[in-house]
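Following is a predicted model, sequence given first.
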Amino acid sequence: MKKSVSITISEEKLSAIEMYLEQKNTTLSSELDKQVEQIYSKVVPQNVREYIDMVSKQLKRRPKKSAEGEDSSKL
């Protein structure tokens, strides 16, 4: 599951950031994703990151049960 984080920044600063990032063919969202990943790698211990990766992969492999499939199996 993904969560959102919001920040507050002046319109002038945001506009300047977006303008210069556009010149580098990137976006603020992309740059923030990279920074969050760096912070995560720096702060969260390796064994915890490995555990989170393992759990995430297992959740992705689980077949999703649909409401229709459950109803039809009761018939």
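Okay, I see it. All values derive from a computational prediction rather than experimental measurement.

any idea how far residue 31 is from residue 25?
The gap separating residue 25 from residue 31 is 12 Å, by C-beta to C-beta, to the nearest Å. C-beta: built from backbone N, CA, C; applies to glycine.

looking only at pLDDT, what's the mean for stretch 59-66?
Stretch 59-66 comes out with an average pLDDT of 76.

Give me the more crowded residue out of residue 25 and residue 31.
residue 31 (13 against 7; other C-beta atoms under 10 Å).

residue contacts, the more buried one?
For residue 31, the contact set (C-beta atoms under 8 Å, 6 or more residues apart in numbering) comprises residue 21.

what about it, which helix or strand?
Per DSSP states H and E, residue 31 falls inside helix 28-43.

what residues does whatever helix or strand comes next after that helix touch?
Per DSSP H and E, helix 28-43 leads on to helix 46-61 as the next helix or strand towards the C-terminus. Applying C-beta under 8 Å, 6+ apart, the set of residues contacting helix 46-61 from outside is 40-41, 44.

and what of stretch 19-27?
Judged by C-beta under 8 Å, 6+ apart, the contacts made with stretch 19-27 from elsewhere in the structure are 18, 28, 31.

any idea of the mean pLDDT for that stretch?
Per-residue pLDDT values across stretch 19-27 average out to 98.

and that stretch, how far from the chain's centre?
Here stretch 19-27 is found 21 Å from its chain centre; the criterion is C-alpha atoms, centre = their mean, to the nearest Å.

Now do the buried residues in that stretch.
Neighbour counts using 16 or more other C-beta atoms under 10 Å place no residue of stretch 19-27 among the buried ones.

Three-state assignment for residue 63, please.
Local secondary structure at residue 63 is given as coil here, using DSSP: H, G, I helix; E, B strand; the rest coil.

Fine by me, we can end here.
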